[in-house]
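[1] below: sequence and its predicted model.
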Amino acid sequence: MQSPAKSPKSSKSPGAGGPAPVVDVEQAEAALVEHYPRLVRLAYLVLPPHLGRNRRVLTAHALTQRALPRSRRTGDPAVVPAQRGPGPHGDPAYTYVRLQVIRGALEAGVPLRWTAWPKRAQLPPLLPQVRGLRLFPRSGGSDELALDQALSRLSCEARAAYALRGLEGLDDDAVCAVLSAAGCDDPEDALDEADEIDEADAIDEGAGSGDRHALLASPEFDPCSLQARPTDLMRRRQHMKAAGVAAAAALVCGALLGLPGDGWGPDGAAAPPYAKNPAAQAALDPGKLSVATAGAWKRSSRTDFSVWPARGNLVGDRELLRRALAVWARPGESVQVSATPGTPAGAPPGPARLLYAGDVDSARVVLLYDGLRVVRYAEPREGTSGAALDFARVDGANGSEAGAVVVDRADGNIRYLTAPWIKSASVQNLLKPAAAAVPLHRSADGVTDPFAGPMQDGRCASWNALRLRDHSGAARLSTDLGELVPAHLTAGRPEAPREATPAEWSKSACSLASVRSHGVRTVNSWTYARQALPEGNGVADWVCTRADTWQGEGTRVLAQFQTADGPAGAVAAKAEDTPACGGRDPHVLAGVLWKSRAGSWYLLGAGSKDVTSITASGGTRAAGNTLAAPTRRTAKARLSGELANGKKVQTLR
C-alpha cells in the first residue's frame, strides 16, 4: 500500500508571523465547555494504553479539566493552524485549551525516573475519582478494535499526530506546529510513525485513510459514553478492612500525641519517673533489704513474717538478690508470674524484708516480705531462663498463719520453710486420722524434706496435711491449697474456733479441693447438728465448712451430710460471699434427699442449734432443728427455719 500524499512538513505555524493572541480565562472556559467531549476524546487517544482503559478515562477527564489558564489572561502563543473539516475554525481559546490537553497527555506518557520530580500529569488524577466502579468506553466493531491495537503500538507523539490529523483535520504543517508547541522534540518523526498505521495489515486494506480517520469518532474512543463494572469485590473488602484498622490506629496515636505532658496527662503532684524516685531505687537495692535478727521473734510481741530471720546459704549473694528484686519490679515475658486472688503483683513500695535465699533442689529460691505480701523468686541453678515469681497476700497473719511458706513444689511434692518458733513438723493423712503422724525432717535453716501433697493424680485417695508444733507445745494443722502459704485448719463453732484434730477433718478433707487457688486463709469445720436417721439407719452429722480468704471476699461455705458408714460427706448446699456459718452469723440450714437401706426416700433437713423449727415448702413442719419427712425421689422442696426470736433462716444458696 502506498502512503497518502503529504504536504511539505514545516514546524512554522501559519499564524506565527502575527502577534500572539491573548486568551481570556472566560473564553477558554467557554471553549472547553462547548468542546469538552472532543477534547476528552483527543486526550484519551493520546494517553498511553498501558494505563488501562479505566485510568485513561479518568486521566483524560482530569487533563481536560485542568487545561484552563492559571491566571486571568495568558500570554502563551495560541497556535491557530488552518483547519479543514468540521471543528472550531480559528478559535484561539479552543486552540489554547487543545494545546494544554495535548501537552498534558504527552507528559503522562513519559516514564517516571528517580532522578527527576514527577510531573502532575504522570501521577494518578486526584479528580475525578470513582470508587468501586471501573469505567470504560463502549466496545466498537472489528475495525475499531484493529485501529485501537495499531494505535497501542505507537508512541504518544505518533498517536497525537494521528489524532490531530484524523480527529481535528489538521494538515501536516499544522500537526507539526501543535506538537512542537506541546513539547515534542521531533514532530516529523511522529508523523512518519503515524503513517505506519495506514500501511499496517491490521487495518482493512479496502478502507481509505478518510474511512480510517472516521473510526476515531466511534464510541470505542469516546470517554464520555461509558460502561460501568464493579472492581474486584474481594480485594476491595480486604482493603477496606485494612484501611479501617489503619484509621483506628492513626486515631489512637493522634490522641496519645495530643495529650499534654509526656503521654497520658500532667503528673500533677506525683513524684518524678520511677528511676528518679529515691525510695523506689532503694527498694531495688539488695543492700537496703531489711533483715531480722535470729532471736527477734523471742523478744517481739508479734509472731508473723516481720520477725522471721534471714536464712539460707545464699543470703550474701548480692547478684541473686539484685536479680530477684529486678524481676519483682519488672518481670520479663519469660517469667512465670502467679498471684493469689486479691493480691497485687506490683513492685515493692520500699525496701523489703529478706526471709530466705538458698539452694533448694535444682533451683535458687529467694523469699521476700513487704508487709502485705510474701514473694517467692525462683530461678534454675544454671542460667536465669524459666524464672518464676509468686505472690501471696499475708497481711494480718498471726502465729498460726505465719508458720510456713512453700519454698519448692515439684512432681506433686512440697517443701516448706518453717517459722523460727516451730519446734517440730510432721505429716498427717487426714483421711486416716487414727494413723500416727509421720515426722518430717528439717534442715538447720528450717526447710522440710519433700513430702507428697494432697490430691495426688487428681484422686482424693489421701490428704496429707502439715502438722506444726511450736515452742509452747501447741499443734496446728495446715494444708496446701496450691499457694505459697498453707491454709490454717480449725474446728468448732465459728464464734470460737479452735485448733482442729485430724478426726474432725477426716470426712471433710476432700471438700477442700473446691477451694484450691482461691487465696484461702483459714478453713473452719464444725458439726452444727446431729440427726437420728429414719428406720433405725443410724446417726448422721451435719457439718458446715467455711473457707475465709485473705482479701475478705470470695468466701465459700459448704454444708455437708455425713453418715457414720460413709467415707466422705455429701455436699448438701453451698454458697459464696455470705456471713452464714461464720462469726457474724453462725446460723445455718440445709437439706438433702436421702434413701434408706430399705429403699425409701426421705427429705432430711437440719439447722444449727438456735433453729427452733423447720418447715418444708410442701407444708411439712417439724419442731426442733431437724426434719425427716417421707418423699419421692424426684421431689423438690425448699426449707426454711425459724429462730427463737422469730427470725427466719433460709437454706444456703
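    That came through, no problem.
[2] what's the burial count for Arg469?
    If you count neighbours by other CB atoms under 10 Å, Arg469 ends up with 16. C-beta: built from backbone N, CA, C; applies to glycine.
[3] that one in helix, strand or coil?
    Judged by DSSP: H, G, I helix; E, B strand; the rest coil, the three-state class of Arg469 is strand.
[4] residues touching it, list them.
    Contacts of Arg469 were listed using CB atoms under 8 Å, 6 or more residues apart in numbering, and they are 422-426, 475-476.
[5] swap the cut-off to 6 Å and go again
    If a contact means CB atoms under 6 Å, 6 or more residues apart in numbering, then Arg469 has 423-424, 475 as its contacts.
[6] and those, which of them are buried?
    Among those, those scoring as buried are Ala475 (criterion: 16 or more other CB atoms under 10 Å).
[7] got TSV for the contacts of Arg469, with pLDDT, secondary structure and distance to Leu466 too?
    Shown next, in TSV, are those (pLDDT from 0 to 100; DSSP: H, G, I helix; E, B strand; the rest coil; distance: CB to CB, whole Å):
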residue	pLDDT	secondary structure	distance to Leu466
Lys423	95	strand	14
Ser424	96	strand	11
Ala475	93	strand	11
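[8] tell me which helix or strand of this structure sits lowest on mean pLDDT?
    One helix or strand of the chain scores below all others by mean pLDDT, DSSP states H and E: strand 73-74, with a mean of 52.
[9] which helices and strands sit right next to the next helix or strand after that strand?
    Next in sequence after strand 73-74, counting helices and strands by DSSP states H and E, comes helix 92-108. Packing partners of helix 92-108 (3 or more CB pairs under 6 Å, 6 or more residues apart in numbering; DSSP states H and E): strand 23-24, helix 25-34, helix 36-46, helix 53-65.
[10] got these as TSV, with mean pLDDT columns?
    What follows is these, written out as TSV (pLDDT from 0 to 100):
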stretch	mean pLDDT
strand 23-24	74
helix 25-34	85
helix 36-46	91
helix 53-65	87
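[11] with distance to Ala580 added, can I get the ones you listed in a markdown table?
    Below are the helices and strands packed on helix 92-108 laid out as a markdown table (distance: least, CB to CB, whole Å):
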| stretch | distance to Ala580 |
| --- | --- |
| strand 23-24 | 96 |
| helix 25-34 | 89 |
| helix 36-46 | 87 |
| helix 53-65 | 76 |
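[12] will you turn the ones you listed into a markdown table that also has mean neighbour count and distance to Ala324?
    A markdown table is the format used below for the helices and strands packed on helix 92-108 (neighbours: other CB atoms under 10 Å; distance: least, CB to CB, whole Å):
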| stretch | mean neighbour count | distance to Ala324 |
| --- | --- | --- |
| strand 23-24 | 19 | 84 |
| helix 25-34 | 17 | 80 |
| helix 36-46 | 22 | 75 |
| helix 53-65 | 22 | 65 |
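[13] which one's the longest strand in this protein?
    With secondary structure taken from DSSP state E, the chain has its longest strand at strand 520-532.
[14] list the buried residues in that one.
    520-529, 531.
[15] so the residue lying closest to Gly583 once chain neighbours are set aside, which state does it fall into?
    Nearest in space to Gly583, with sequence neighbours left out and distances taken as CB to CB, 6 or more residues apart in numbering, is Pro494 at 4.9 Å. Of the three states, Pro494 takes coil under three-state DSSP.
[16] Pro494 contacts Pro586, doesn't it?
    Yes - applying CB atoms under 6 Å, one finds Pro494 in contact with Pro586, separated by 5.0 Å.
[17] who's in contact with Arg633?
    Arg633 neighbours (CB under 6 Å, 6+ apart): Trp601.
[18] what are the buried residues along stretch 348-366?
    348, 351-358, 360, 363-366.
[19] next, the distance between the ends of it.
    End-to-end distance of stretch 348-366 (CA to CA, to the nearest Å): 15 Å.
[20] from the chain's centroid, how far away is it?
    Centre-to-centre, stretch 348-366 and its host chain are 34 Å apart (CA atoms, centre = their mean, to the nearest Å).
[21] what stretches of the stretch 351-500 of the chain score poorly on pLDDT?
    The stretch 351-500 of the chain contains residues with pLDDT under 70 at 457.
[22] adjacent strands (with direction) for the longest strand of the chain?
    Sheet pairing for strand 520-532, assigned by DSSP bridges, gives strand 487-491 (parallel), strand 539-549 (antiparallel).
[23] send the alpha carbons of the longest one over as CSV?
    To tie it back to what came earlier, the one meant is strand 539-549. The C-alpha coordinates for strand 539-549 follow below in CSV (Å, rounded to 0.1, in the frame of the first residue of the first chain):
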residue,chain,number,x,y,z
VAL,A,539,-27.0,-41.2,113.0
ALA,A,540,-25.8,-38.5,110.6
ASP,A,541,-23.8,-35.4,111.2
TRP,A,542,-24.4,-32.1,109.5
VAL,A,543,-21.1,-30.2,109.1
CYS,A,544,-20.6,-26.7,107.9
THR,A,545,-17.2,-25.8,106.3
ARG,A,546,-16.3,-22.2,105.8
ALA,A,547,-13.2,-21.0,103.9
ASP,A,548,-12.3,-17.4,104.6
THR,A,549,-9.9,-15.6,102.2
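[24] can you list the domains in this protein?
    23-230, 234-270, 278-404, 490-650 (automatic domain parsing).
[25] can you list those domains in TSV and add distance to Trp463?
    Output for the domains of the chain, formatted as TSV (distance: least, CB to CB, whole Å):
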stretch	distance to Trp463
domain 23-230	69
domain 234-270	50
domain 278-404	17
domain 490-650	4
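[26] out of those, nearest to Ser443?
    domain 278-404 (9.0 Å; CB to CB).
[27] how far off centre is the helix or strand where Asp189 lies?
    Assigning secondary structure by DSSP H and E places Asp189 in helix 187-199. Taking the mean of its C-alpha atoms, helix 187-199 sits 64 Å from the chain's own mean (CA atoms, centre = their mean).
[28] by contact count, what packs against that helix?
    Taking 3+ CB pairs under 6 Å, 6+ apart as the contact cut, helix 187-199 packs with helix 156-166, helix 172-181.
[29] about what we covered before: restricted to strands, list the buried residues of stretch 348-366.
    353-358, 360, 363-366.
[30] show me the two of those residues that sit farthest apart.
    Arg353 and Ala363 (21.1 Å).
[31] got any ranges where the chain has weak pLDDT?
    For the chain, the stretches with pLDDT under 70 are 1-22, 70-90, 112, 114-116, 136, 198-212, 232-239, 253-280, 457.
[32] buried stuff in stretch 552-559?
    554-559.
[33] from those residues, which is closest to Pro37?
    Nearest to Pro37 among the buried residues of stretch 552-559, with distances taken as CB to CB, is Gly554, at 79.3 Å.
[34] separation between the closest one and Glu483?
    Separation of Gly554 from Glu483 (CB to CB, to the nearest Å): 13 Å.
[35] with Leu170 instead?
    Separation of Leu170 from Glu483 (CB to CB): 95 Å.
[36] circling back: could you identify the most distant pair in the buried residues of strand 520-532?
    Arg521 and Gln531 (30.9 Å).
[37] sorry, back to before: reformat the ones in strands among the buried residues of stretch 348-366 as JSON lines; add distance to Gly295.
    Shown next, in JSON lines, are these (distance: CB to CB, whole Å):
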{"residue": "Arg353", "distance to Gly295": "16"}
{"residue": "Leu354", "distance to Gly295": "17"}
{"residue": "Leu355", "distance to Gly295": "16"}
{"residue": "Tyr356", "distance to Gly295": "17"}
{"residue": "Ala357", "distance to Gly295": "20"}
{"residue": "Gly358", "distance to Gly295": "20"}
{"residue": "Val360", "distance to Gly295": "25"}
{"residue": "Ala363", "distance to Gly295": "29"}
{"residue": "Arg364", "distance to Gly295": "27"}
{"residue": "Val365", "distance to Gly295": "24"}
{"residue": "Val366", "distance to Gly295": "23"}
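[38] Thr631 - nearest residue in space that isn't next to it in sequence?
    Thr631's closest residue in space is Leu603 (CB to CB, 6+ apart), at 4.4 Å.
[39] what strand or helix carries the one you found?
    Per DSSP H and E: strand 601-607 holds Leu603.
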